[in-house]
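S.K.: Need the 3D shape of this:
(one chain, ligands or ions: 2)
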Amino acid sequence: MSDKSDKTSDKTIVAGVSVDTRHWIGGRRVASAETFTDVSPIDGRVLGEIARGGTAEVEAAVAAAREAFPAWAATPRAERARILHAIADGVEKRLEELAIVETNDNGALLRSHRRGVMPRVAHNFRFFADWLLTLEHEDFETRGHTNHVSWDPAGPCVLITPWNAPLMLATWKVAPALAAGNTVILKPAEWTPLTASLLADIAAEAGLPAGVLNVVQGYGSEIGDALTSHPDVRRISFTGSVPTARRIAASAAPNLTPLSLELGGKSPLLVFADADLDLAVDLAVEQYDNAGQVCLAATRFLVEESVAEEFTRRFTEKAGALRQGDPRDEATDIGPTIHPRQLEKIDGFVRRAVASGARVVVGGHRVDEQYYAPTLLTEVAQDSEIVQEEVFGPVLTLQTFTDEDEAVRLADDTRFGLAATLATGDPERAARVAERLVAGTVWVNCFFVRDLQAPFGGSRQSGVGREGGTWSFDFYCDLKNTVTAPNGWKSHG
Ligand SMILES: NC(=O)C1=CN([C@@H]2O[C@H](COP(=O)(O)OP(=O)(O)OC[C@H]3O[C@@H](n4cnc5c(N)ncnc54)[C@H](O)[C@@H]3O)[C@@H](O)[C@H]2O)C=CC1
Ligand SMILES: O=C(O)/C=C/C=C(\O)C(=O)O
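M.R.: Ligands and ions are numbered 1, 2, ... in the order given. Reported below is the predicted structural model:
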């Protein structure tokens, strides 16, 4: 680790935007002796050489977060909220830059970043700033004693985030952690390190004190183990894969550091014969969003047998009209996968499925080493790998069912439980089925309607805990109940 805070060579220019490639620790830019290469999934072009952190950078970042904690925790809520709104202002001011850098870094559609994702980044800060100010628990009495519940800041929080929606998912965690009065060490995914660095600039410009937000860059376990096993870390929030979550849980276990885990899914889309079939097909085609690299994606279509043929016909027609290509082009519907390694993984899933009897209805092949054709497979067994495991690419399966019980049985028969989507014209059926499904979120005749007030997370191996609204504050705070004797002085109740 070395301090090279004056060197302009520690910046890279991405689509005309200057991005610092060093860590952000204690309000200073910090370089590492080693770097890693960040490439664009659009065309494999090198975007920059990024500081490759390890134990020394983690020690420095945790120390900075620990030092900054008491003052930030003591900062009045209204002032914390004001600074979070100023960060949101900064995000909105630089929205176009953030959108173009993110698209170059993770390959998701520029039009989505401009119009959907980056506005949500700003909203994450505004929402949690405002929610903080409403956070009250009514005092209540126990045999004349008053119970007062408070949300106390917990301390330094480690936030580890993935590449599929880098800044959106990072700020989902950063905003409530900061609002709660904690300090943060953010580690973005090594495939998408850039917008986290821009966030550090924006936060500093907004007046966030040094050390309150730290950004460390580096490879998964190379830097991750030091972060997650650190005894001074009070919370760990992680979004990513199940194997990494297991490793993080093991690393955090000796300190009993509380964890929030938002993991993968294998969510179903249930289409009943009484559904509006055009709506069902629209919902189905949406599952190719972000080239299928969305944890919430309903990747398993379960369609009532009597409408399966017509559903498949309409889906095939609609999917065939999708335009795959450069995500910077406004006309593109599906961009690249994040990395050739991810594409290899996707292709492996499809080849193994076909070898074991799956029939390709749509796609089923790579376009080149970055782009995978949107794919639909049918004639897949419930216990097959392609039905049970998360692919995280534009690969969907279709199975049929004959009645509601079978639909629910198939829907619930994986180790995941993140989300489920229903298409039905019968509100009573919707209520009945929703109640029986194991899922953190159920959408009825809609998809991806998200509200930060709602609890968000997964059941079974899709996660541990919920974030969103008050649930975020429950996680990022040490809840305390202060019991006061009648008249404020009598003891033992
Ligand atoms: N939101 C989601 O549900 C996501 C799910 N995935 C799933 O995971 C699969 C693999 O993708 P990866 O990028 O390899 O996911 P991953 O779970 O390995 O990476 C996510 C984050 O964890 C970090 N990380 C990795 N090892 C760590 C460790 N030992 N300690 C602390 N942090 C660590 C990474 O650097 C990254 O920031 C995907 O194919 C997909 O199935 C991936 C990204 C997001
Ligand atoms: O957009 C959201 O609210 C949540 C998105 C979550 C994912 O896409 C993910 O973790 O993969």
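
S.K.: Now for the nearest residue to residue 191 once chain neighbours are set aside, how many residues are close by?
M.R.: Spatial nearest neighbour of residue 191, chain neighbours left out: residue 163 (4.3 Å); criterion: C-beta to C-beta, 6 or more residues apart in numbering. C-betas here are computed from N, CA, C, even on glycine. A total of 22 residues lie near residue 163 under the criterion other C-beta atoms under 10 Å.

S.K.: can I assume residue 163 sits in a strand?
M.R.: No. Using DSSP: H, G, I helix; E, B strand; the rest coil, the secondary structure at residue 163 is coil, not a strand.

S.K.: Pretty sure it sits against residue 107.
M.R.: No. Using C-beta atoms under 8 Å, residue 163 makes no contact with residue 107, being 9.3 Å away.

S.K.: who touches the residue lying closest to residue 75 once chain neighbours are set aside in this structure?
M.R.: The spatially closest residue to residue 75, leaving aside those adjacent along the chain, is residue 181, at 7.1 Å (C-beta to C-beta, 6+ apart). In this structure, residue 181 makes contact with 72-75, 80, 152-153, 477, judged by C-beta atoms under 8 Å, 6 or more residues apart in numbering.

S.K.: Those residues into a markdown table, with extra columns for secondary structure and pLDDT?
M.R.: What follows is these, written out as a markdown table (DSSP: H, G, I helix; E, B strand; the rest coil; pLDDT from 0 to 100):
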| residue | secondary structure | pLDDT |
| --- | --- | --- |
| 72 | helix | 98 |
| 73 | helix | 98 |
| 74 | helix | 98 |
| 75 | coil | 98 |
| 80 | helix | 98 |
| 152 | strand | 97 |
| 153 | strand | 98 |
| 477 | strand | 98 |
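
S.K.: got those residues as TSV, with distance to residue 312 and neighbour count columns?
M.R.: Conversion of the contacts of residue 181 to TSV gives the following (distance: C-beta to C-beta, whole Å; neighbours: other C-beta atoms under 10 Å):
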residue	distance to residue 312	neighbour count
72	55	22
73	56	17
74	61	9
75	57	17
80	52	23
152	55	12
153	53	23
477	49	21
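
S.K.: for the residue nearest to residue 75, helix, strand, or coil?
M.R.: For residue 181, the secondary-structure state derived from three-state DSSP is coil.

S.K.: one step back: for ligand 1, see how far away the residue nearest to residue 191 is.
M.R.: 6 Å (C-beta to the nearest ligand atom, to the nearest Å).

S.K.: Contact partners for that residue?
M.R.: Each residue near residue 163 by C-beta under 8 Å, 6+ apart is listed here: 106, 189, 191-192, 338.

S.K.: run the last query once more with 10 Å
M.R.: 41, 105-108, 169, 188-193, 240, 293, 338-339, 342 (C-beta atoms under 10 Å, 6 or more residues apart in numbering).

S.K.: Could you pull up the residues touching the residue of the chain found nearest ligand 2?
M.R.: Scanning the chain for the residue nearest ligand 2 gives residue 295, at 3.0 Å (criterion: C-beta to the nearest ligand atom). Contacts for residue 295 (C-beta under 10 Å, 6+ apart) come out as 162, 164-165, 169, 239-241, 262-265, 267, 390, 392, 416, 418-419, 458, 462-463.

S.K.: related to what we said a few turns ago, overlap of the contact sets of residue 163 and residue 107?
M.R.: Looking at what touches both residue 163 and residue 107 (by C-beta under 10 Å, 6+ apart), the common residues are 41, 191-192, 293, 338-339.

S.K.: Considering only these, which also neighbour ligand 1?
M.R.: Among these, none lies close to ligand 1 by the criterion of C-beta under 6 Å from any ligand atom.

S.K.: can you map out the strands along the stretch 101-250 of the chain?
M.R.: 140-142, 145-153, 156-160, 183-187, 213-215, 235-239 (DSSP state E, counting those that start in this stretch).

S.K.: The nearest residue to residue 170 once chain neighbours are set aside: neighbour count?
M.R.: In space, and not counting its chain neighbours, residue 170 is closest to residue 161: 4.4 Å by C-beta to C-beta, 6+ apart. Here the number of neighbours of residue 161 (other C-beta under 10 Å) works out to 26.

S.K.: Look at residue 161 and report its pLDDT.
M.R.: Note for residue 161: predicted pLDDT of 98.

S.K.: Report the contact partners of it.
M.R.: Contacts for residue 161 were tallied using C-beta under 10 Å, 6+ apart; they are 167-174, 186-189, 192, 196, 237-240, 262.

S.K.: Ok, residue 68 next?
M.R.: By C-beta under 10 Å, 6+ apart, the residues touching residue 68 are 26-27, 156, 182-184, 208-214.

S.K.: Which two among those are spaced furthest apart?
M.R.: The most widely separated members of the contacts of residue 68 are 27 and 182, with 16.7 Å between them, by C-beta to C-beta.

S.K.: More neighbours: these two, which one.
M.R.: Between residue 27 and residue 182, counting by other C-beta under 10 Å, residue 182 is the more crowded of the two (25 against 18).

S.K.: is it true that that one touches residue 175?
M.R.: No. Using C-beta atoms under 10 Å, residue 182 and residue 175 do not qualify as a contacting pair, with a distance of 11.1 Å.

S.K.: Quick check on the residue nearest to residue 75: phi, psi?
M.R.: Phi and psi for residue 181, reported as degrees, to the nearest 10, are phi 100, psi 10.

S.K.: Tell me how far it lies from ligand 1.
M.R.: When C-beta to the nearest ligand atom is the yardstick, residue 181 and ligand 1 sit 24 Å from each other.

S.K.: tell me which element residue 315 is part of?
M.R.: For residue 315, the element it lies in under DSSP states H and E is helix 305-320.

S.K.: and the helix or strand just after that helix, what other elements does it pack with?
M.R.: Following the chain from helix 305-320 toward its C-terminal end, the next helix or strand by DSSP H and E is helix 340-355. Of the remaining helices and strands, those touching helix 340-355 by 3 or more C-beta pairs under 10 Å, 6 or more residues apart in numbering; DSSP states H and E are strand 359-362, strand 375-378, helix 385-388, strand 395-401.

S.K.: quick one: contacts of the third one?
M.R.: For helix 385-388, the external contacting residues (C-beta under 10 Å, 6+ apart) are 266, 299-300, 348-350, 352-354, 356, 358, 377, 380-382, 391, 395-397, 399, 410, 413-416.

S.K.: Kindly give a single ChimeraX line that selects the buried subset of the residues you listed.
M.R.: Isolation of the buried members of these (16 or more other C-beta atoms under 10 Å) is achieved in ChimeraX through the command below:
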select :266,299,300,349,350,353,354,358,377,380,391,395,396,397,399,410,414,416
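
S.K.: what does this structure put close to ligand 2?
M.R.: Counting by C-beta under 6 Å from any ligand atom, the residues of the chain near ligand 2 are 164-165, 169, 239, 262, 294-296, 450.

S.K.: go with 5 Å
M.R.: When proximity is defined as C-beta under 5 Å from any ligand atom, the chain approaches ligand 2 at 164, 239, 294-295, 450.

S.K.: Of those, keep whichever come out buried.
M.R.: Under a neighbour-count criterion of 16+ other C-beta under 10 Å, the subset of the residues of the chain next to ligand 2 counted as buried comprises 164, 239, 294-295.
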